[in-house]
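Student: The amino acid sequence is not available; the structure is as follows:
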């Protein structure tokens with residue numbers, strides 16, 4: 001077996017995706033996982049290309065000069081390889097500032113914005129608590145050869161790390177994990193409500209994912225084996241199960257298949273940030289909640305609007321939104337945003353709040369939103385690179401970014417959320 005090649009790395013920044021970036025002695029860019037800016041380390045090469053190299057830290061012992069921001073991960077499952085908390089080696093007190101720098105770097109490099117412009121645009125917002133914040137988690141059944149129980153996938157791998165607890169999971173979910181047995185290859189999603197304490201559970205089997213054409217390698221359960229056992233009798237099971245959550249003094253129905261933020265803390269921070277980014281919502285006659293999901297923004301910050309239009313592609317989320325906007329003047333359209341257009345004769349849109357998935361708006365989404373000619377657009381982004389691309393695309397339609405607020409809704413990970421105000 002060939003010995004893996006190693007390189008000495010001294011990165012000077014973190015970039016989108018959570019890797020550190022630097023240059024090798026031969027001038028090539030190197031992206032390395034597990035190393036912090038200002039450190040020197042020996043890293044194992046995983047991808048050697050003409051113009052760049054990708055590498056990763058095999059062991060903390062390979063760090064020869066450590067950053068004062070480096071800490072020992074408190075979770076034994078992370079030490080064992082669990083991919084859920086890839087930034088647990090970075091002191092939580094510095095994670096938000098690191099994410100701010102990643103957003104700035106993306107806007108400069110991908111968005112082609114001047115350094116001075118970026119410095120004026122981007123500001124640090126708030127963070128949720130670093131532990132116990134996740135009200136939704138997805139677990140995977142262990143392979144038969146490993147034993148009974150559940151686990152999380154390794155980072156960028158289909159291998160599964162057995163777990164008996166999770167430090168970032170809400171306590172309502174954490175209590176359930178020890179008693180669970182999930183069949184090999186079955187993926188179980190648990191969600192809890194902070195408002196009521198209720199829990200929902202839904203799962204998919206390998207054959208379900210094959211039917212949908214998912215490429216992830218799966219391990220089949222034995223014939224006749226129970227998919228999930230150990231759930232308390234109070235847990236609501238299946239796609240029709242739902243919870244009631246409370247955000248900004250509003251009760252929200254959240255079905256098991258519908259998307260929700262990492263937790264109530266995260267939802268509250270987003271609602272507050274959107275409200276500050278679009279004070280015009282307080283006097284809007286017509287507001288558009290694009291990629292509106294269950295109606296988080298339509299039901300909270302858009303309450304003063306005379307009428308709300310919500311566009312969402314998920315069936316379960318649209319049903320939730322109908323319940324969450326009951327009694328309000330609203331229109332819910334189940335559609336891909338790129339295929340939607342404001343009906344002829346409709347009152348003009350005063351404010352748009354758009355919260356797309358990780359790929360961002362892209363050209364089709366930008367085109368659909370720009371066609372409304374709304375004077376204010378607030379973009380909620382969960383990827384700094386898609387934010388940078390969308391900023392460029394929106395500029396082509398006359399929208400100028402005025403302010404970018406960076407939020408940390410996923411501590412211990414590289415994931416970053418931004419709320420950006422655009423005007424035309």
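Tutor: Now that the structure is in, tell me what you want to look at. This structure is a prediction, so every number in the text was calculated from the model and none was measured. Numbers count the residues shown, from 1 in each chain.
Student: what sits up against stretch 277-288?
Tutor: Stretch 277-288 is contacted from outside by 275, 298, 301-302, 304-311, 346-353, 369, 372, 374-376, 378, 403, 405, 419-421, using Cβ atoms under 8 Å, 6 or more residues apart in numbering. Glycine gets a C-beta too; all of them are placed from N, C-alpha and C.
Student: Measure how buried the closest residue to residue 34 other than its chain neighbours is and give me the count.
Tutor: Closest residue in space to residue 34, ignoring its immediate chain neighbours: residue 57 at 3.1 Å, by Cβ to Cβ, 6 or more residues apart in numbering. By other Cβ atoms under 10 Å, 21 other residues sit near residue 57.
Student: So residue 57 is in contact with residue 32, correct?
Tutor: Yes. Using Cβ atoms under 8 Å, residue 57 is in contact with residue 32, at 6.8 Å.
Student: So if we follow the domain assignment, how does the protein break up?
Tutor: Annotated domains of the chain cover 6-70, 136-242, 264-423 [automatic domain parsing].
Student: from the chain's centre, how far out does stretch 99-110 sit?
Tutor: 17 Å (Cα atoms, centre = their mean, to the nearest Å).
Student: got a list of contacts for that stretch?
Tutor: 13-16, 113-115, 118-119, 121-124, 384-385, 387-389, 391-392, 404, 406, 408, 414, 416, 418.
Student: thinking again about what came up before, now list the buried members of the contacts of stretch 277-288.
Tutor: Among the contacts of stretch 277-288, those classed as buried by 16 or more other Cβ atoms under 10 Å are 275, 298, 301-302, 305, 307-311, 349-353, 369, 372, 374, 376, 378, 403, 405, 419-421.
Student: Which residue ranges of the protein form helices?
Tutor: Under the criterion DSSP state H, the chain carries helices at the ranges 76-79, 95-109, 115-121, 171-177, 206-211, 264-277, 296-299, 315-324, 362-370, 384-396.
Student: which one of those helices is the most hemmed in?
Tutor: Sort the helices of the chain by mean neighbour count, taking mean count of other Cβ atoms under 10 Å, and helix 296-299 sits at the top with a mean of 29.
Student: Can you tell me which helices and strands it packs against?
Tutor: Secondary-structure packing of helix 296-299 (3 or more Cβ pairs under 8 Å, 6 or more residues apart in numbering; DSSP states H and E): strand 250-255, helix 264-277, strand 286-290, helix 315-324.
Student: And the contacts of that helix?
Tutor: Contact with helix 296-299 is made by 247, 250, 252, 260-261, 267, 270-271, 274, 287, 289, 292, 308, 310, 321, 324-325, 328, 330, 353, 355, as judged by Cβ under 8 Å, 6+ apart.
Student: Okay, now the unreliable bits of the stretch 151-300 of the chain?
Tutor: Along the stretch 151-300 of the chain, the model assigns pLDDT under 70 to residues 207-225.
Student: quick one: the residue nearest to residue 342 when sequence neighbours are not counted and residue 336, what's the gap?
Tutor: Using Cβ to Cβ, 6+ apart and skipping residues adjacent in sequence, the residue nearest residue 342 is residue 372, 5.2 Å away. Using Cβ to Cβ, to the nearest Å, we find residue 372 at a distance of 16 Å from residue 336.
Student: same deal with residue 280?
Tutor: Per Cβ to Cβ, residue 280 is found 26 Å from residue 336.
Student: can you check residue 287 too?
Tutor: From residue 287 to residue 336 the distance is 20 Å (Cβ to Cβ).
Student: Which one of those two is surrounded by more residues?
Tutor: Taking neighbours as other Cβ under 10 Å, residue 287 and residue 336 compare with residue 287 leading, 28 against 13.
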